[in-house]
Structures are given as C-alpha cells and as structure tokens.
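Student: no sequence on this one, just coordinates:
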C-alpha cells in the first residue's frame, strides 16, 4: 500500500529521534485523523507493525463504542488555536480486538505540513488492577483490624463470631458465612442457597483446631488466593478471641505505616509525637518535629515519570532513617512531605538533626539510570508539654519549612515567636484589607518604563498598588499575597484596573505609550475577565492597545481552559500581554510559543548582577536576542544605576524600568 508523505519525516530529525526514544507509546495523526507516525513502543502496545498503521484512520486504535466521542475530542483539539496539553485516561484497542486502559497525554504540535495530534501514553491496566487490589486489601485489612480490636477487648467468642460472619459477607459478598466451633455452628449470616463455590478455613492456634470459618457463593470464582488470605486472617482473629491470645496486634500495626516507603504514616506519627511530648514532660526536656519538604520534587515526576518518582521517594526515606537517631521516628505524610519526630532534644540538637537530614537529601541518588541531586526545606518546631497538640506542632514545623523555602533551597529554619507573630499579623492584615476599599485606603502610583534606544524616553508606565493602612505600614509584597489567598484580590484587582485606565489615560495623552497593570492568578481565571477589562477601558477612555496586562510565570504553569480562553480573548481585543519575571522558571521559553505573549520582562535578579556576573550578562543577552527573533518586546526590571543601564544598552535591550529612571509616584 502506498502511503502519503509523513509530515514528521519531512520535519526535524531531532524531533523524530525524541519521539522514537520516548519511554512511552507515541502516535501522531493529521487533522483528518490519518496516522502518520508510531514509535516502536506503540507497535508493541497495539500489536501492529508500523506499516500496518501508517495511513490508517486513528479510529483503528480506539474501541468502537468510544470512537464517536474520541473523534469529537480530536476535532476539538485541532479547532483550538492554542490547544492545551493535558493528561487523561483513555481506552485503546489492540490488533487482536482486546482493550486496555492508557494514561495518555494529548497535544498539538506544528510540523512543516501543518498541525499534528500527538498522543503519548502507557498501558496502565495492570496498575489499575493493582490499585483495585490494594483497595480491596485495604477494606479487608480494615475489617480484620476492627474485628481484632473487638477481640483484644475480650468480646465473647459467640458475639465475635457473629461480627466475623457479618464482616466476611459484607467484604466478600458471600451468600452465606458460618462460624463453627468444632461441629457446632455458633454464628451464621445469610440464607442457604445454591452453592457453586465454597471455602472452609480452619480456626486454630498452633496445633489446636477450634473450628472453621465457612463461606459459600454461587460464583465459581468467588474465592481466590486473595479472598482465602482474608478469610484466614479473620479465622486467626477468631482464634485470638477463642483463646484470648493477643495475636492480632501485628495486623493492627500494618495499618500504621506508609505503603510505599514503609515509614510511619500520619496516624502513627501523631502517636509518636504524643509519646515524645510525654517523655519531654517527664524528663523536663523537649520533643522536636521536623517537617521535611523536598524542593521541586514535582519536576522529577514530570520529567522521568511517577515510577521513577516513587523509587526516588523510597531512596529518600532510607536516607532520612539513616541520618537520624535510632529512637527517632521518620514518617511520610504524603507526596514529598516527611516528618521526623525526635525525643529528648534541645534546640541545638534539633537543628543539628535538621542539617543532617538536609545533607542526606542533598547527596546524589541514582534512579532509573539518572543521577538526581535534590534539596529539602526543613522546618523545626519544639514542644515540651504533654498537653501540646501534635497537629499544631506539625503545622508550626510546616510554617517554618515554608519560610526555609522562601529563603532558598536546602535550608533549615526553627519555628519561633517571629513566625507566630507573623501568622497572627497575617490574620490581622486580611481582616484590615477587607475594608480597605470602602475606607478609600488604596491608591495607585506609576513607575516609568523607558526606551534605552531613545535616551531614556518614557514609553510606558506601570501601575503599582499602595495601601495607606491605618497603623503599621505594610508593603505590596506583604498584603498582595494575603489578598490572593483570601480572594480579596478579585474586587481589589477590578478597582486597580478601572483606576489605572482612568489615571493612565492622562499619562498616555501626555507622554504616549501605554499603561501596564499586574494580574493575579485568580484574576486571570475569572470567567468575566474580558468584560471587566473592556469595561475599565471604556470607563477610562483608553484604547485597548494602550493597556498591557502583566502575568507571572506561575500563572501559566497552572494553566486551565479558562485561562487559555481569557488570554486569547484579551489578545484579540488588542490588549498587550506581558510575561513578568522572565527567566525565573524552567519553562519560560515554552510559554513564548504556547501563549500570545507580546513582551517579556527580564527578572531583576539578572539585572542586579550585571557588571559582576558574566553568566547573568550572557543570560540577558540571550533573552534579548531570542525575543528580538520572535518579535517580542523586552523590558529589563530593577535598574538601579548607570552601570546597569549602560550594559543593557550594550546588550541591545530596548526598554528598562527601575529607580534609576524614576521612582513610583
């Protein structure tokens, strides 16, 4: 069969090599749904040879019952000018007609012959079955643990047997469950009926057989190894009840550890904190809680996959256990968050342990053939009374870890009165900010953006928010994050837009150029953002091309369909879109292709080191060059002196902003 030219083969060889070398199955299709690329893993996953698929409709790889919906989705991806990249579960159909569930990432890439749909994914059927099995096992373990607790309380064997029969029937769905003591039935649950499958498990301690646990079902495959293990566990609990032996404690302990790492889980962690606090009160010492937050761990999952991430977490757990003392407890709360509970310590010892854990995390780790070097932000909270709340201590340690993360990577911080006051001040700030608009305490100031090519002529002005608070002064860096977290940024942001357009219209009339306004993540996701911006422009008498809206890269990292739609509609309205703090995130360059950005602002951290760091100068030069090639405007932020301004001119940066050119007024 003669195939049409493959768009990918006429494109970049490097792209082909990347797609072929991906660790997942990859399929490429044109707008009309014709398959033009499959890699080796896709051949293996779907059971076809490559030549059997090229030129065929992509529906070949979909179950018939889902082809209509999947085809509509494919058409929708191509209709969007800037389609999203996202991951979802989807069903695939093999050559032999069998189906599997895949975890697929979908997206559009541009080739020389037009856009292509790329589907990249893996078969997760076994993983889902494993998860289902784990859920069943969890239900079974919970039932066993609950029954074991009753046995340990000394419940009468007959009552324990009735509960056991009920729980087995609920968990396994058996038609009938019987508990026999010798030949005598002492408990039963369910009606007698047709039995296609039956299992009898002895109830014994050592060589002594007390009776049997019998379950029946009309399903011939109702009782496999897993169900047999569960029944045996129930039988063991019954044996404990019959013999009054404490054999169930080990099973209860299994519910207190993290399934991935084997570390203590949150429940056991709280118990160890309570114990450590009681010891501290007795010995007049302190207990310490270390909150360990691995920095940028999400990047490992994104770049290497969740399997590698899990392997890395296991290795980190082993590192932490080896770094602390034998009596200390290391727990995993979830994700990349760990807690270390330490008994009988003082502040100095706790800090030393924190730095030992930090050093252990920073040691290179080989996972999946790659070397990883991570860092952790660690917060420490001390407690000394048995009446202290474990959750409060964990919260205090978490707050200290957050401060450590703010101050850089691989740091250790101690929770102190300063952090306690900061939390209280944050609550007060939120309360005061709620009425700031009504009390007319908010105002705007404008800082010029100048052209370095035209003798520092102002070409724009950025609107900056100030709060004339009654009481202690507070800067934007303190109250704006509070406004964003509380949701107050929505009404405040609308006020800023309207007043910036009104006041900015006068500046534009006097000096020309445009007005720049910052948007928060919450604002960018507002369903009525376009109407709010258009209304502010009308109220201020400002043309759309005289307004620029600044977005931080963190907004674009959490992109949603609503954000994409808003950015497209604003761009079509004629408003400029500016990417602020450029260069501080690892995916900044990608955003220049994925979103309708008009201008980038080079982060002040690079500008501050001009004249002292050749690396930062090289970064600024490369950003300016790339932006120029893409037809984007560039503004260097934070220019404080003539040396920085001169070097920016030499690097051909067209625009700049900072106190050297004018303070906000």
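Tutor: Great, that's in hand. Model, not experiment: these values are computed from the prediction.

Student: mind listing what's buried in stretch 413-428?
Tutor: 413-416, 419, 426 (16 or more other C-beta atoms under 10 Å). Where C-beta positions appear, they are placed from N, C-alpha and C, glycine not excepted.

Student: now stretch 452-459
Tutor: 452, 456, 458-459.

Student: helices and strands of the protein: which one has the lowest mean pLDDT?
Tutor: Lowest mean confidence among the helices and strands of the chain (mean pLDDT, DSSP states H and E): helix 249-254, at a mean of 52.

Student: Which is the succeeding secondary structure element to it?
Tutor: helix 266-283 (DSSP states H and E).

Student: Which other helices and strands does that following helix contact?
Tutor: Packing partners of helix 266-283 (3 or more C-beta pairs under 8 Å, 6 or more residues apart in numbering; DSSP states H and E): strand 286-294, strand 329-334, strand 337-345, strand 376-383, helix 390-406.

Student: returning to what we had before: residue 345: which of the buried residues of stretch 452-459 is nearest?
Tutor: Distance to residue 345, by C-beta to C-beta, is smallest for residue 452 among the buried residues of stretch 452-459, at 56.1 Å.

Student: thinking that closest one is in contact with residue 651, fair?
Tutor: No: with contacts defined as C-beta atoms under 8 Å, residue 452 does not count as touching residue 651, sitting 9.5 Å away.

Student: List the buried residues in stretch 299-307.
Tutor: 300-301, 304.

Student: So for it, mean pLDDT?
Tutor: Mean per-residue pLDDT for stretch 299-307: 73.

Student: quick one: the residue of the chain positioned farthest from its centre from residue 339, how far?
Tutor: The outermost residue of the chain relative to its centre, with distances by C-alpha atoms, centre = their mean, is residue 183 at 57.1 Å. Separation of residue 183 from residue 339 (C-beta to C-beta, to the nearest Å) stands at 53 Å.

Student: Please apply the same query to residue 440.
Tutor: In terms of C-beta to C-beta, residue 440 sits 46 Å off from residue 339.

Student: neighbour count winner among those two?
Tutor: Set residue 440 next to residue 339 and count neighbours by other C-beta atoms under 10 Å: residue 339 wins out with 26 against 8.

Student: got a pLDDT number for the closest residue to that one other than its chain neighbours?
Tutor: Nearest residue to residue 339, sequence neighbours excluded (C-beta to C-beta, 6 or more residues apart in numbering): residue 331, at 4.7 Å. pLDDT, residue 331: 93.

Student: Which two of the buried residues of stretch 413-428 have the greatest separation?
Tutor: 414 and 426 (18.9 Å).

Student: residues contacting the nearest residue to residue 599 once chain neighbours are set aside?
Tutor: Nearest residue to residue 599, sequence neighbours excluded (C-beta to C-beta, 6+ apart): residue 633, at 3.7 Å. Neighbour list for residue 633: 598-600, 627, 654-655 [criterion: C-beta atoms under 8 Å, 6 or more residues apart in numbering].

Student: mind redoing it with 10 Å?
Tutor: Residues near residue 633 by C-beta atoms under 10 Å, 6 or more residues apart in numbering: 449, 459-460, 548, 576, 578, 597-601, 627, 654-655.

Student: Among these, which pair sits farthest apart?
Tutor: 459 and 597 (18.0 Å).

Student: Shouldn't residue 95 be within a strand?
Tutor: No: the assignment for residue 95 is coil, going by DSSP: H, G, I helix; E, B strand; the rest coil, so no strand is present there.

Student: going on from the strand ranked longest in the chain, what's the next piece of helix or strand?
Tutor: When the chain is parsed with DSSP state E, its longest strand is strand 99-111. Once strand 99-111 ends, the next helix or strand along the chain (criterion: DSSP H and E) is strand 114-123.

Student: by contact count, what packs against the following helix or strand past that following strand?
Tutor: Note on strand 114-123: by DSSP H and E, the next helix or strand toward the C-terminus is helix 125-152. For helix 125-152, the packing partners by 3 or more C-beta pairs under 10 Å, 6 or more residues apart in numbering; DSSP states H and E come out as strand 86-93, strand 99-111, helix 157-172, helix 225-243, helix 249-254.

Student: hang on, the earlier thing: give me the sheet partners of the longest strand of the chain and which way each runs.
Tutor: strand 86-93 (antiparallel), strand 114-123 (antiparallel) (DSSP bridges).

Student: Any chance of the ones you listed in a markdown table with mean pLDDT, mean neighbour count and distance to residue 295 as columns?
Tutor: As requested, the strands paired with strand 99-111 are exported to a markdown table (pLDDT from 0 to 100; neighbours: other C-beta atoms under 10 Å; distance: least, C-beta to C-beta, whole Å):
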| stretch | mean pLDDT | mean neighbour count | distance to residue 295 |
| --- | --- | --- | --- |
| strand 86-93 | 77 | 16 | 23 |
| strand 114-123 | 82 | 19 | 27 |
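
Student: one step back: out of the helices and strands packed on helix 266-283, which gets nearest to residue 102?
Tutor: Closest among the helices and strands packed on helix 266-283, using C-beta to C-beta: strand 329-334, at 25.9 Å.

Student: Residue 190: how many residues sit nearby?
Tutor: Neighbour count of residue 190, defined by other C-beta under 10 Å: 17.

Student: can you pull the contacts of the residue nearest to it when sequence neighbours are not counted?
Tutor: Take residue 190 and drop its neighbours on the chain: the residue closest to it by C-beta to C-beta, 6+ apart is residue 176, 3.7 Å away. Counting by C-beta under 10 Å, 6+ apart, residue 176 touches 165, 168-169, 188-193, 195, 198, 214-217.

Student: Neighbours of residue 597, how many?
Tutor: 23.

Student: re the thing from before, what residues are shared contacts of residue 452 and residue 651?
Tutor: 634, 636.

Student: before we move on, back to that, TSV for the strands paired with strand 99-111, including distance to residue 482?
Tutor: Shown next, in TSV, are the strands paired with strand 99-111 (distance: least, C-beta to C-beta, whole Å):
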stretch	distance to residue 482
strand 86-93	31
strand 114-123	40
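
Student: Any idea which of those gets closest to residue 521?
Tutor: Of the strands paired with strand 99-111, nearest to residue 521 by C-beta to C-beta is strand 86-93, at 18.0 Å.

Student: any idea of the angle that closest one forms with helix 125-152?
Tutor: 100 degrees (axes from the mean of the first three to the mean of the last three C-alpha atoms, to 10 degrees).
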